[in-house]
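# quick one, what's the 3D model for this:
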Amino acid sequence: MSHAFTISGFGDEISADPREQLAVLGSLGISHLDLRGAWDRNVLDLNDDDVARLRAMLAEAGARVATIASPIGKSDVTHDAAYEDRRLETAIRLADRFGTDLIRVFSFYHPTLDRAACRAEVIARLRRWASRAAEAGKMLLLENEVNLWGDTPERCADILSSVASASLRMTLDTGNFASIGVPSHDRAYPLLRPWLAHCQIKDVRAADHTIVVAGEGDGQIPEILAALVRDGYRGYLSLEPHLALAETARGFSGPELFGTAARALAALVEHAEA
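Take a look at the predicted model:
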């Protein structure tokens with residue numbers, strides 16, 4: 001942890017067992033968990049007993065949930081909107097139970113439509129979510145991702161400026177931009193800074209799409225960190241390394257590779273703050 005940043009981690013990158021997730025995070029000096037999954041189930045599928053068990057583990061470990069790292073919006077925009085509306089209600093309830101106001105969301109696949117044909121629908125759905133989040137006292141974090149409507153900085157800015165809500169902000173995923181050849185610092189950061197409330201850290205070599213530890217790819221992570229320090233950012237750096245597996249709904253690194261990723265990020269943070 002640093003004075004400028006709070007490092008958090010996607011625990012299911014470490015293990016399906018949340019007790020092991022918290023133990024490894026704690027051994028790395030990380031006390032904030034990005035809750036995407038536990039016991040091989042997505043966060044939105046956790047039942048009341050699961051939540052109670054996990055809350056007890058968090059208390060025992062002296063840790064807390066940073067974000068509800070939901071997959072809301074990772075669905076076809078032509079499908080029934082009510083499905084994702086219901087999932088948002090689940091995420092809000094979970095955020096309340098785990099004491100966080102941050103919920104990650106996405107901007108829809110559109111396999112049968114070009115972007116112009118579904119732009120209005122994408123924005124309408126995210127505007128409705130932002131309104132509901134505002135009622136609930138939550139902040140939605142829009143993540144950029146390949147193949148979704150909001151893949152480039154320009155399209156993310158279009159969504160954010162069109163929705164125009166303090167309850168919809170940006171989580172900049174450095175690796176996802178690198179995977180489509182977009183420089184996270186040189187192109188994405190200046191455009192998205194007005195809405196930036198969160199950062200997800202992974203790194204990718206653009207030439208061959210290989211996922212690597214932070215600082216070894218084209219995600220411009222050192223430059224991003226320096227810019228965040230310069231601009232007075234006080235928020236999470238969410239470690240999502242994907243070093244062993246990267247799938248549509250999840251990624252995995254395992255304890256050893258996650259530790260490698262965490263130590264690499266800590267060194268970059270130390271350098272940026274120096």
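# and the pLDDT for M1?
pLDDT recorded at M1 is 40.
# now the helices for this structure?
18-27, 48-61, 81-98, 115-136, 153-163, 174-179, 189-192, 221-230, 254-273 (DSSP state H).
# what does the longest one contact?
Residues outside helix 115-136 that contact it (C-beta atoms under 8 Å, 6 or more residues apart in numbering) are 72-73, 77-78, 81, 84-85, 88-89, 92, 95-96, 103, 105, 107-108, 110, 139-140, 142, 149-150, 155, 158-159, 162-163, 165-168. Every residue, glycine included, has its C-beta placed from N, CA and C.
# what separates the residue lying farthest from the centre of the chain from T78, distance-wise?
Distance from the C-alpha centroid of the chain, by C-alpha atoms, centre = their mean, peaks at A117 (26.9 Å). Computed with C-beta to C-beta, to the nearest Å, the distance linking A117 and T78 is 10 Å.
# need the overlap of contacts for the two.
Residues touching both A117 and T78 (C-beta under 8 Å, 6+ apart) are H110.
# how about P111: what's its closest non-neighbour residue?
Once flanking residues are discounted, P111 sits nearest to D76: 6.5 Å by C-beta to C-beta, 6 or more residues apart in numbering.
# surely P222 touches E270?
No: using C-beta atoms under 8 Å as the test, P222 is too far from E270 to be in contact (11.2 Å).
# deepest of the helices of the chain, which one?
Comparing those by mean neighbour count (mean count of other C-beta atoms under 10 Å), helix 174-179 comes out on top with a mean of 27.
# contact partners of it?
Applying C-beta under 8 Å, 6+ apart, the contact partners of helix 174-179 are 143-146, 151, 153, 183-184, 187-188, 199-206, 209, 211, 217-221, 224, 240, 242.
# buried among those? Make that a ChimeraX selection.
To isolate the buried members of these in ChimeraX, using 16 or more other C-beta atoms under 10 Å:
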select :143,144,145,151,153,183,184,187,188,199,200,201,202,203,204,205,206,211,217,218,219,220,221,224,240,242
